[in-house]
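**Student:** The sequence isn't on hand, but the structure is:
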């Protein structure tokens with residue numbers, strides 16, 4: 001004699017198991033989301049460190065070149081507009097000379113130099129960490145002098161993870 005489905009006893013264990021697995025699934029989804037966010041944050045922070053390191057190298061090269069020109073003012077080999085050419089080794093992600101308006105052509109993670117404005121640019125890999133959000137995903141620094149010292153002056157108020165560039 002076959003039982004009708006309505007004759008089967010309802011199992012409180014079955015509904016409790018389903019609830020437990022649902023909670024475990026929600027916890028796992030939350031952990032995966034938090035882990036993904038931390039990984040993206042770590043990637044953004046490592047990009048920030050690489051950008052700061054390259055900017056420090058460029059600033060140092062500009063200052064050394066400026067001092068060398070003071071010592072040897074007649075040496076024409078010291079006159080260089082592109083700070084990347086002053087470096088011993090050009091970064092492998094240097095895309096070359098490119099005007100600001102064409103920066104979108106460069107691959108994300110590339111350094112650029114705009115001859116017209118004498119600006120150094122970097123196309124961000126992770127622009128979501130830059131504050132305030134920019135129209136483009138490129139940050140720019142103009143080569144200038146402050147108190148007769150060569151500087152890279154940001155064209156905007158860039159904040160990356162709350163720290164000013």
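**Tutor:** The structure has been received and is ready for your questions. Here the structure is a predicted model, which is why all the values come from computation and not from measurement.
**Student:** Can you list the low-confidence ranges for this protein?
**Tutor:** 1-14, 77-79 (pLDDT under 70).
**Student:** what's near enough to touch residue 28?
**Tutor:** Contacts for residue 28 (Cβ atoms under 8 Å, 6 or more residues apart in numbering) come out as none. C-betas here are computed from N, CA, C, even on glycine.
**Student:** swap in residue 114?
**Tutor:** By Cβ under 8 Å, 6+ apart, residue 114 lies in contact with 97-100, 120-121, 140.
**Student:** Could you tell me how far residue 35 is located from residue 24?
**Tutor:** Noted for residue 35: a distance of 16 Å to residue 24, by Cβ to Cβ, to the nearest Å.
**Student:** just to revisit the earlier point, can you lay out the contacts of residue 114 as CSV showing distance to residue 17, neighbour count and secondary structure?
**Tutor:** CSV is the format used below for the contacts of residue 114 (distance: Cβ to Cβ, whole Å; neighbours: other Cβ atoms under 10 Å; DSSP: H, G, I helix; E, B strand; the rest coil):
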residue, distance to residue 17, neighbour count, secondary structure
97, 65, 14, strand
98, 61, 19, coil
99, 64, 15, coil
100, 61, 16, helix
120, 61, 23, strand
121, 57, 22, strand
140, 58, 21, strand
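**Student:** residues in contact with stretch 30-50?
**Tutor:** Applying Cβ under 8 Å, 6+ apart, the contact partners of stretch 30-50 are 109, 124-126, 128-129, 160-161, 163.
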